[in-house]
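# Next come a sequence and a model predicted from it.
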Amino acid sequence: MGEDMTQQANAATRPDCDVVVVGAGFAGIYALWTARQRGLGVRGFESASDVGGTWYWNAYPGARCDVDSYSYAYFFDNEVVREWSWSDICAQQPEIQNYLRFVAERCGVIGDITFETRVTGAEYLEEAGFWRVRTSGGEEVVCRYLVLAVGALSQPKAPGIEDVDSFAGEAYFTSTWPRDREVDLRGKRVGVIGTGSSGVQAIPEIARVASEVVVFQRTANFVTPTGGGPMDPEKVAGLRRDPQAVRQGMRETYGGTYPPSMGDRRFSDLDEAGRERELWKAWEGDYVQLAFLDAHTPEANEAISAFIRQRMLEQVNDPWTAERLVPWDHPYGGKRPCRSDVYLQTYNQPHVRLVHLPDTPIERIAPEGIVTTEQTFELDVIVYATGFDALSGPVRAMNITGIDGVRMNDVWADGPVNYLGTMVHGFPNLFLPSSAMSPSVLSNMATLAEQQVDFIFDTVAWLEENGRPALHPRAESQDFWADETLRYAKRVPGALTTDSWYNGANVPGKPRRYMVYRGGFKRYNETCYAELENGFPGYELI
Ligand code: N01
């Protein structure tokens, strides 16, 4: 018997544990806890040296959450809800990471995690019906269920600029900001490439200390106020009174959030003056994107987009700069909108300058700085806020093989396919929370983490109760889900026509496929549980 066959034979009788969870962010921590609660033996692996996932790595100045802290938290445990107090409606990165450590410690899962260890690949052992997981530490672990809680925004995208390594100064990515030392930008000339949410949050903080800031913008984004500030004690008390009711209630909403403020009138019912009045009310209440009950219609979206553009123009003194900071090329929501109370005003400071790349593109990086078609900008530091190979990227970065040795990367060669955003045909008992085609980044990721992990472990419980070792979705279920994802995306103004990381357009060569399910959290949750209640008709049982 060859070595591999011997290993398979051993693995057939002796998995090392029931579940392996990869990643220790929101989904990973809750998956570890849930596995333990359900009496399953579990191991976790995390490439960082601490818990936090995205909130560990993105430690750039100004990093904070622009989903409010009333919702962006766990609700599975009443005591956690009652013991933790957020300092701001838009919590900062260090606070969110502390929170995740607090929860992981309180739930006793820290000891289950092997840190500073990357899972490099996993293969399905067909005979045994188990997964063999390989790590960067050279370890191999055989398990029955594999949960890849690797996040949606954890695979940084290469900037795609020539001679990046030639720069003689310091260079940082917002997505992997140094954690082991303070980055001192005081008095330095800093160039920032990228004006997505990370750039928009980092630029004002960098401008506070740098002597000169040059922002290299390829595409302008919508920027609206954050709604941040002190938590409302009454709202907090309401959450603490019955966390389970809040948890259930959030699953009944479109976005998986504590009911957000929103307009109570329909755009289509109002005249011009009425629309303007509602837009102002919403802007001042920090919910301009939800100014109307029918905010999703193209007509309402157009009015909302125009209104935000006007408010943006008013915040920037220099007309040339103002005009270029406004997104004229896509409607609100086509790309992921940004939120900041200070970003636009940053350009009113004399040491901050915008470079509009559509006019003068970057040619290359040079030892002294950034070279555009117009001039060379001499810099001490370059900050790349250039984004991620989002949603499918983190899974594609691993080497996963399923039934018949089929590779995930081959199955996903034309873009990710799955059913209900959690499982892929040919990869039994492999679960992918926070990956493509779930409500993911267009819902509250904290609520989604709990929902997906619950669904995964409810599926596992069903298998065990019914004496079935494994399941995976039918190929036709994946076709159905791809159609559903596309059907809902088509309803969203600009979703298919705007270049964005939602559809893979930000990564050169990545197949274009809309990767977020926009049917809403409630419908998503109901569709998942309809499968379970009906004995998984959309799946093949093994
Ligand atoms: O990344 P992005 P991000 N030359 O992809 C530009 C979440 N998040 O890290 O648009 C020049 O949005 C690129 O330009 P273009 C949130 O979901 C949440 O900022 O491709 N420019 C773009 O401007 C967010 O959406 C929070 O033309 C280049 C920028 O880099 C997601 O993370 C906070 C370039 C990348 O923007 C990703 O945000 C922060 C090049 N070669 C982030 N390559 C919260 O508050 C790229 N760009 C919860």
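That came through fine.

# Not counting sequence-adjacent ones, nearest residue to the residue of the stretch 101-250 of the chain found nearest the ligand?
Residue of the stretch 101-250 of the chain nearest the ligand, by CB to the nearest ligand atom: Gly196 (2.2 Å). Quick note: C-beta positions are derived from backbone N, CA and C, even for glycine. In space, Gly196 comes closest to Gly387 once its chain neighbours are excluded; the distance is 5.7 Å by CB to CB, 6 or more residues apart in numbering.

# I'd like the average pLDDT over the longest strand along the chain.
Selection of the longest strand in the chain by residue count, based on DSSP state E, yields strand 140-148. When pLDDT is averaged along strand 140-148, the result is 98.

# Would you list the phi and psi of Ala63?
Backbone torsions for Ala63, taken as degrees, to the nearest 10, come to phi -60, psi 130.

# Roughly how far does it sit from the ligand?
For Ala63, the distance to the ligand equals 6 Å [CB to the nearest ligand atom, to the nearest Å].

# If you drop the residues flanking it in sequence, what lies closest to that residue?
Gln93 (3.7 Å).

# Could you check how far that neighbour is from the ligand?
Distance, Gln93 to the ligand, using CB to the nearest ligand atom: 9 Å.

# In contact with that residue, which residues?
Going by CB atoms under 8 Å, 6 or more residues apart in numbering, Gln93 touches Trp55, Asn58, Ala59, Tyr60, Ala63, Arg64, Cys65.

# If you tally nearby residues, what's the number for the fourth one?
The criterion is other CB atoms under 10 Å. On that basis, Tyr60 has 23 neighbouring residues.

# just checking, it touches Gln201?
Yes: counting by CB atoms under 8 Å, Gln201 is a contact partner of Tyr60 at 7.4 Å.

# coming back round to it: and the longest strand of the chain, what does it pack onto?
strand 17-22, helix 26-37, strand 119-125, strand 130-135, strand 430-431, helix 445-465 (3 or more CB pairs under 8 Å, 6 or more residues apart in numbering; DSSP states H and E).

# For the third one, buried residues please.
Along strand 119-125, the positions that meet the burial threshold by neighbour count (16 or more other CB atoms under 10 Å) are Val119, Ala122, Glu123, Tyr124, Leu125.

# Other residues contacting that strand?
Strand 119-125 is contacted by residues 8, 11-12, 20, 22, 45, 130-136, 142, 146, 148, 398-403, 405, 427-428, 430 when judged by CB under 8 Å, 6+ apart.

# same thing with the second one?
Residues external to helix 26-37 that are found in contact with it (CB under 8 Å, 6+ apart): 18-19, 21-22, 24, 41-42, 44, 46, 51, 53, 74, 76, 100, 103-104, 107-109, 112-113, 147, 149, 151, 433-434, 445-446, 448-450, 452-454, 456-457.

# now with 7 Å?
Residues outside helix 26-37 that contact it (CB atoms under 7 Å, 6 or more residues apart in numbering): 18-19, 21, 42, 44, 51, 53, 74, 76, 100, 103-104, 107, 109, 112, 147, 149, 433-434, 445-446, 449-450, 452-453, 457.

# The last one too?
Contacts of helix 445-465 with the rest of the structure, by CB under 7 Å, 6+ apart, involve 26-27, 30-31, 34-35, 38, 71-76, 145, 147, 250-251, 256, 422, 431, 433-434, 438-440, 469, 471, 521, 525, 528, 532.

# Over to the fourth one?
The set of residues that contact strand 130-135 without belonging to it, under CB under 7 Å, 6+ apart, is 11, 15, 20, 45, 117-125, 140-144, 146, 429-430.

# again with the first one
Contacts with strand 17-22, where a contact means CB under 7 Å, 6+ apart, come from 28, 31-32, 35, 40-45, 119, 133, 141, 143-150.

# that older thread, can I get the helices and strands packed on strand 140-148 in CSV including mean pLDDT and distance to Thr485?
Output for the helices and strands packed on strand 140-148, formatted as CSV (pLDDT from 0 to 100; distance: least, CB to CB, whole Å):
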stretch, mean pLDDT, distance to Thr485
strand 17-22, 98, 24
helix 26-37, 98, 20
strand 119-125, 98, 25
strand 130-135, 98, 26
strand 430-431, 98, 18
helix 445-465, 97, 15
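
# mind checking which of the ones you listed is nearest the ligand?
Of all the helices and strands packed on strand 140-148, the one in closest proximity to the ligand, counting by CB to the nearest ligand atom, is helix 445-465 (8.2 Å).

# Is there contact, residue-wise, from that closest one to the ligand?
No: against the ligand, helix 445-465 shows no contacts by CB under 6 Å from any ligand atom, the least distance being 8.2 Å.

# counting contacts, what elements does the helix or strand following that helix pack onto?
Note on helix 445-465: by DSSP states H and E, the next helix or strand toward the C-terminus is strand 471-473. Judged by 3 or more CB pairs under 7 Å, 6 or more residues apart in numbering; DSSP states H and E, strand 471-473 is in contact with strand 539-541.

# thinking again about what came up before, the contacts of strand 130-135: which ones sit near the ligand?
When contact is defined as CB under 6 Å from any ligand atom, the contacts of strand 130-135 do not meet the ligand at all.

# hang on, isn't Gly263 packed against Trp283?
No: contact criterion CB atoms under 7 Å: Gly263 and Trp283 do not qualify, at 11.0 Å.

# neighbour-wise, which of those two wins?
Between Gly263 and Trp283, counted using other CB under 10 Å, Gly263 has the larger neighbour count: 21 against 18.

# so the more buried one sits in a strand?
No: using DSSP: H, G, I helix; E, B strand; the rest coil, the assignment for Gly263 is coil, not a strand.

# got the buried residues for stretch 256-270?
Neighbour-count burial for stretch 256-270 [16+ other CB under 10 Å]: Gly256, Thr257, Tyr258, Pro260, Gly263, Arg265, Phe267, Leu270.

# What does the pLDDT read for the residue nearest to Ala63?
You'll see Gln93 listed with a pLDDT of 98.

# residues in the stretch 251-400 of the chain within reach of the ligand, list them.
Close to the ligand, as judged by CB under 6 Å from any ligand atom, the stretch 251-400 of the chain has residues Arg336, Leu357, Ile362, Ala385, Thr386, Gly387, Phe388.

# Closest one of those residues to Tyr287?
Arg336 (17.0 Å; CB to CB).

# residues in the stretch 1-150 of the chain within reach of the ligand, list them.
Arg64, Cys65, Asp66, Val67.

# what about the last one, is that helix, strand or coil?
This means Val67. Applying three-state DSSP: Val67 is coil.

# Hmm, Ser443 and it touching each other?
No: counting by CB under 7 Å, Val67 stays clear of Ser443, with 9.3 Å between them.

# which non-adjacent residue is nearest Leu265?
Quick fix: residue 265 reads Arg, not Leu. Using CB to CB, 6+ apart and skipping residues adjacent in sequence, the residue nearest Arg265 is Glu278, 5.6 Å away.

# Now for that neighbour, how many residues are close by?
Glu278 has 23 nearby residues by other CB under 10 Å.

# same question, Gly426
With other CB under 10 Å as criterion, Gly426 counts 20.

# Quick check: closest non-adjacent residue to it.
Gly426's closest residue in space is Gly402 (CB to CB, 6+ apart), at 4.3 Å.

# before we move on, the earlier item: widest-spaced pair of the buried residues of strand 119-125?
The most widely separated members of the buried residues of strand 119-125, counting by CB to CB, are Val119 and Leu125 (15.9 Å).

# Pick out the residue of the stretch 301-450 of the chain closest to the ligand.
Counting by CB to the nearest ligand atom, the stretch 301-450 of the chain gets nearest the ligand through Gly387, at 2.5 Å.

# residues touching that residue, list them.
By CB under 7 Å, 6+ apart, the residues touching Gly387 are Lys157, Gly194, Gly196, Trp501, Asn506.

# what two of those residues have the greatest distance between them?
Spatial extent of the contacts of Gly387 (CB to CB) is set by the pair Gly194 and Trp501 at 11.6 Å.

# Count the neighbours of whichever residue of the stretch 1-150 of the chain sits closest to the ligand for me.
Nearest residue of the stretch 1-150 of the chain to the ligand (CB to the nearest ligand atom) works out as Asp66 at 3.7 Å. By other CB under 10 Å, 19 other residues sit near Asp66.
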